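>>> predicted structure and sequence below. I'll ask about it afterward.
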Amino acid sequence: MPSRLDGPLKVTGRAKYGADHNLPGMAHGYIVVSTIAHGEIRSMDVTAARSAPGVVDVYSPFDPVDLRTPNTMFGETWVPLQDKEVTYYGQPIGLVLAETYEQARDAAMTVEVTYHGRPALTSLRDGISSAEDAPPGFDGSPLTMEILAPGVSSIEDALRASPVMVEATYSTATQNHAAMEPHSAVAAWDSDGLTVYSGNQGSNLQAMELALALELDPSSVHAVNPFVGGAFGGKGRTSVAAFLAAAAARVLGRPVKVALSREQVFTATATRAATIQKVALGAAADGSLTAIRHDAWSAVPMDRSFVEPASHSTREYYTAQNLAISQKMVPLNIPPTTFMRAPGEAPGSFALESAMDELAVALNMDPIELRLRNHSPAPPGNDLLWSSKHLDECYRIGANRFGWANRAPRGRIDGDWQVGLGMAGAMFPAIRFPASIEITLRDDETAVVSTSGSDPGTGLLTVLSQVGAESLDISQDQVTPRLGDSAFPAGGMSGGSSATASAGSAIMIAAAQVIDELVALASAPGAPFDGLDVSYADGHVLAAGRTMTFGELLREVHRSSVSAIGSSGPGEERTKHSFSSFGVQFCEVRVHSWTREIRVSRMLGVFDAGRIINAQAARSQLMGGMIWGVSAALHEGLEIDANGRFANGDLASYLLPVNADIPDVDVHFVEYPDTLHNSVGAKGIGEIGAVGMAAAVANAVHNATGIRVRHIPIMIEDLL
Ligand code: MOS
């Protein structure tokens with residue numbers, strides 16, 4: 001078996017992504033986007049576009065497609081072309097449909113738009129005076145909270161009373177997901193309803209959003225996305241391309257494909273918001289934290305769609321008697337914001353774990369020693385112990401593997417290079433969502449495990465087959481996993497690092513149920529084991545000294561298959577424990593003495609993420625996250641012009657690391673299955689790889705150069 005079942009299809013180009021579908025009679029759509037950041041569209045002259053070669057139709061706010069605003073678990077999702085208000089540069093304001101993509105694109109260039117422009121606010125720093133309180137987080141928990149020890153009147157008092165205190169302001173840049181497959185969709189209608197091929201993080205959720213937007217019964221929307229082409233939060237919601245393709249295909253009575261251009265992906269999807277964060281840490285002389293304050297400001301678009309909750313996870317990192325976190329949002333004329341791998345945790349850990357490094361320097365203490373001093377058995381203010389936490393072991397193993405003992409307080413010199421080591425802690429909550437799985441045992445000795453959930457590149461398809469085989473006690477090559485189709489049982493969302501825990505739990509329940517069904521068939525009147533006490537093991541039913549494979553039994557009782565659907569979701573475990581994955585990131589950087597070029601020369605992540613189902617896919621997942629952390633630390637950042645345009649909104653100028661930027665990455669797991677969290681024992685690995693890495697890089701830069709850079713990305717000019 002390949003360790004990634006979808007690997008051969010992907011590397012040979014046989015995997016069919018949304019935009020790879022070509023249907024007879026299909027029209028091609030090209031989106032027109034705004035060229036101002038704030039104002040009202042006064043007119044759109046589409047005369048030239050309408051008469052251009054091959055053009056089928058043109059839609060705009062003056063001639064809109066029919067869409068409602070869907071309201072789902074994510075809240076309201078914005079749908080395009082419904083009003084003339086422009087709130088960001090690059091906002092979709094029109095759709096040109098033609099016989100070919102090139103004809104649609106050429107015609108779209110001729111659309112003349114006039115605006116009544118208004119002043120735009122695009123800078124987080126400039127907007128901070130108009131900050132608003134952020135609403136509760138996605139899970140309903142407050143983003144602003146305070147815990148004070150008895151007799152302490154304020155967090156400021158607690159900080160002032162601390163023998164050692166550090167306080168600093170950090171900032172993180174706007175980032176775009178830049179998924180490999182630009183957001184795209186192919187939509188087709190027939191007598192059964194709508195079929196949409198579009199990469200998404202949960203096909204049943206996409207079908208639901210489209211049904212709401214198009215006022216259809218959910219059963220008449222079929223969303224198909226076996227391959228996603230990159231997501232990580234950026235394809236959690238239904239894309240503008242999918243809404244427009246579906247609505248236009250309905251009007252035109254022919255299939256429609258809409259694909260964003262690479263530049264449009266930067267504005268017509270959603271980004272990770274920029275943040276500004278103030279952290280203050282108070283400690284006793286022995287390093288015990290006495291007070292933690294973390295205040296965060298997140299940019300948000302004018303619809304306030306998603307706040308980057310940067311201070312939120314700080315409440316759970318360390319034991320401290322006094323703790324205050326706050327979260328504000330700053331509405332700007334910027335594109336929508338959304339979940340992006342470790343939303344909140346990634347930028348938040350940059351600030352907190354940089355501040356911890358600053359505190360270690362102030363205390364003249366080893367940064368690992370400081371963290372071990374503040375190990376928390378439970379989140380502060382919460383009596384629920386962590387279900388499993390082996391972070392101290394991660395520190396110990398990591399320090400050994402990385403050679404931390406050789407770290408000098410002021411780095412070392414190697415020829416023209418200043419070399420430094422840095423580390424940071426990492427956390428990501430272990431969560432799971434409701435998920436349903438169908439398992440079918442077939443008379444040909446195979447089993448099908450299916451769910452609507454999606455595999456955005458994380459390896460869920462392979463996990464379905466592995467956990468399916470294990471739960472059914474058969475070999476993996478007997479199992480056919482299927483996902484990414486809303487016709488399958490609702491698998492929920494591949495997000496929040498939850499898919500293995502969610503789907504895996506449901507598989508175990510479905511497997512137990514389908515085995516019960518099989519045993520009932522075996523012992524039914526007239527069946528081979530009529531009236532006997534039948535058991536199941538190793539793919540066989542057995543009783544009274546006789547065994548049959550499940551396929552033999554099904555053939556014997558003239559059944560082609562037997563099926564069961566199992567469902568699982570977060571339950572009362574939430575009232576008994578707190579749940580999180582933990583980790584530690586190590587990094588070695590080399591800073592050139594003359595050019596100030598920064599190279600990462602070694603990286604190590606050690607993670608406590610519960611049971612690891614697929615060692616290779618898990619290692620790849622963590623490597624990807626760690627590389628994304630380096631990317632945030634040294635490369636990525638959208639520059640927003642005063643007029644709201646992204647100055648570097650394309651892959652020529654939005655920097656991403658390439659192989660030459662990334663050395664060998666060492667990933668290690670301490671494997672303690674967490675069956676208090678779910679019966680599979682997995683805690684989640686999708687996002688924690690990105691957490692803490694930027695701080696580890698910045699801390700290593702400080703060790704190498706003595707320069708503390710409190711913003712990311714870190715540039716050459718920061719080290720002059
Ligand atoms: Mo991810 S940011 O949980 O889709």
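Great, that's in hand.

>>> show me what from the stretch 301-450 of the chain comes close to the ligand.
Counting by CB under 6 Å from any ligand atom, the stretch 301-450 of the chain comes close to the ligand at Phe339, Met340, Arg341, Pro343. Every C-beta, even on glycine, is put in place using the N, C-alpha and C of the backbone.

>>> what about the residue in the stretch 301-450 of the chain that the ligand sits nearest to, neighbour count?
At 3.6 Å from the ligand, Phe339 is the closest residue in the stretch 301-450 of the chain, using CB to the nearest ligand atom. Number of residues near Phe339 (other CB atoms under 10 Å) recorded here: 26.

>>> Ala694 now?
The burial count for Ala694: 31, using other CB under 10 Å.

>>> now the residues of the stretch 301-450 of the chain next to the ligand as CSV including secondary structure and pLDDT?
What follows is these, written out as CSV (DSSP: H, G, I helix; E, B strand; the rest coil; pLDDT from 0 to 100):
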residue, secondary structure, pLDDT
Phe339, coil, 95
Met340, coil, 97
Arg341, coil, 96
Pro343, coil, 96
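
>>> show me just the buried residues among those.
Phe339, Met340, Arg341, Pro343 (16 or more other CB atoms under 10 Å).

>>> quick check: mean pLDDT of stretch 51-67?
Averaging pLDDT along stretch 51-67 yields 97.

>>> got the contact list for that stretch?
27, 32, 41, 43-44, 46, 49-50, 79-84, 93-100, 103-104, 106-107, 110-111, 213-214, 243-244, 247-248, 250-252 (CB atoms under 8 Å, 6 or more residues apart in numbering).

>>> if we can go back for a sec, list just the nearest of the buried ones among the residues of the stretch 301-450 of the chain next to the ligand to Gln478.
Arg341 (34.0 Å; CB to CB).

>>> dump the residue contacts of the closest one.
By CB under 8 Å, 6+ apart, Arg341 lies in contact with Phe232, Gly233, Gly625, Trp628, Gly686, Glu687, Ala690.

>>> go with 7 Å
Counting by CB atoms under 7 Å, 6 or more residues apart in numbering, Arg341 touches Phe232, Gly233, Gly625, Trp628, Glu687, Ala690.

>>> what is the nearest of those to Gly381?
Glu687 (23.7 Å).

>>> quick one: residues in contact with stretch 385-398.
With contact meaning CB under 7 Å, 6+ apart, stretch 385-398 is reached by 368, 371-372, 375, 377-378, 577-580, 582-584, 586, 604, 606-608, 668, 670, 672, 674, 676-677.

>>> quick one, phi/psi of the residue of the stretch 301-450 of the chain closest to the ligand?
phi -60, psi 130 (degrees, to the nearest 10).

>>> wait, it sits on Gly236?
Yes. Counting by CB atoms under 7 Å, Gly236 is a contact partner of Phe339 at 5.5 Å.

>>> touching both of the two, which residues are there?
Residues within reach of Phe339 and of Gly236 at once, by CB under 7 Å, 6+ apart, are Gly495.

>>> name the SS class of whatever residue of the stretch 101-250 of the chain ends up closest to the ligand, please.
Residue of the stretch 101-250 of the chain nearest the ligand, by CB to the nearest ligand atom: Gly233 (2.9 Å). Classification of Gly233 using DSSP: H, G, I helix; E, B strand; the rest coil returns coil.

>>> what's next to stretch 501-510, contact-wise?
With CB under 7 Å, 6+ apart, stretch 501-510 has contacts from 430, 432-433, 435-439, 449, 451, 453, 460, 463-464, 467-468, 471, 491-492, 564-568, 677-680, 682, 684.

>>> so of these, which ones are in helices?
The members of these that map onto helices under DSSP state H are Leu460, Val463, Leu464, Val467, Gly468, Ser471.

>>> wait, what's in contact with the second one?
Read that as Val463. Thr500, Gly504, Ile613, Asn614.

>>> how far away is it from Asp516?
Computed as CB to CB, to the nearest Å, the Val463 to Asp516 distance reads 24 Å.

>>> same question for the fourth one.
Distance of Val467 to Asp516, computed by CB to CB: 18 Å.

>>> who has more neighbours, these two?
Neighbour tally, Val467 and Asp516, criterion other CB under 10 Å: the higher count belongs to Val467, 27 against 13.

>>> returning to that earlier point: which ones among the contacts of stretch 385-398 are found in strands?
When DSSP state E is applied, these are split such that Ser580, Phe582, Gly583, Val584, Phe586, Leu604, Val606, Phe607, Asp608, His668 fall in strands.

>>> so who does the residue in the stretch 401-550 of the chain that the ligand sits nearest to touch?
Scanning the stretch 401-550 of the chain for the residue nearest the ligand gives Gly495, at 3.2 Å (criterion: CB to the nearest ligand atom). Contacts of Gly495 were listed using CB under 7 Å, 6+ apart, and they are Gln201, Gly233, Gly236, Phe339.

>>> out of those residues, which are buried?
Applying 16+ other CB under 10 Å to the contacts of Gly495, the neighbour count classes Gln201, Gly233, Gly236, Phe339 as buried.

>>> could you dump the residues you listed into TSV and include distance to Pro150?
Formatted as TSV, the buried ones among the contacts of Gly495 follow (distance: CB to CB, whole Å):
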residue	distance to Pro150
Gln201	45
Gly233	40
Gly236	42
Phe339	38
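
>>> Val691 contacts Glu345, doesn't it?
Yes. Val691 is within contact range of Glu345, at 4.7 Å (criterion: CB under 7 Å).

>>> and those two? which has more neighbours close in?
Neighbours around Val691 and Glu345, counted as other CB under 10 Å, are more numerous at Val691. The numbers are 32 against 26.

>>> measure that one to Ala642 for me?
Val691 is 33 Å from Ala642, where distance means CB to CB.

>>> centre of this protein to the edge, which residue is at the far end?
Relative to the C-alpha centroid of the chain, counting by CA atoms, centre = their mean, Gly526 is the outermost residue, at 52.3 Å.

>>> quick check: the gap between that residue and Leu441.
According to CB to CB, Gly526 and Leu441 sit 20 Å apart.

>>> what about Tyr170, neighbour count?
By other CB under 10 Å, 26 other residues sit near Tyr170.

>>> and what of Met693?
With other CB under 10 Å as criterion, Met693 counts 34.

>>> and it, how far from Val670?
18 Å.

>>> show me what from the chain comes close to the ligand.
Counting by CB under 6 Å from any ligand atom, the chain sits next to the ligand at Gln201, Phe232, Gly233, Gly236, Phe339, Met340, Arg341, Pro343, Gly495, Gly496.

>>> and the nearest residue to the last one once chain neighbours are set aside, backbone torsions?
The spatially closest residue to Gly496, leaving aside those adjacent along the chain, is Ile431, at 5.1 Å (CB to CB, 6 or more residues apart in numbering). With angles defined as degrees, to the nearest 10, Ile431 shows backbone torsions of phi -130, psi 170.

>>> what about the helices in the stretch 451-600 of the chain?
Counting by DSSP state H, counting those that start in this stretch, the segments of the stretch 451-600 of the chain that form helices are 460-472, 499-523, 550-556.

>>> and for the stretch 601-720 of the chain?
So, for the stretch 601-720 of the chain - with DSSP H, counting those that start in this stretch - the helices run 615-634, 693-705.

>>> what sits against Val541?
Leu518, Val519, Ala522, Phe529, Val534, Thr547, Met548, Phe550, Leu553.

>>> show me what contacts the second one?
By CB under 7 Å, 6+ apart, Val519 lies in contact with Val534, Tyr536, Val541.

>>> equivalent analysis for Leu483, please.
Pro226, Ser450, Thr451, Gly453, Ser454, Asp455, Leu460, Leu461, Leu464, Gly491 are the contacts of Leu483 under CB under 7 Å, 6+ apart.
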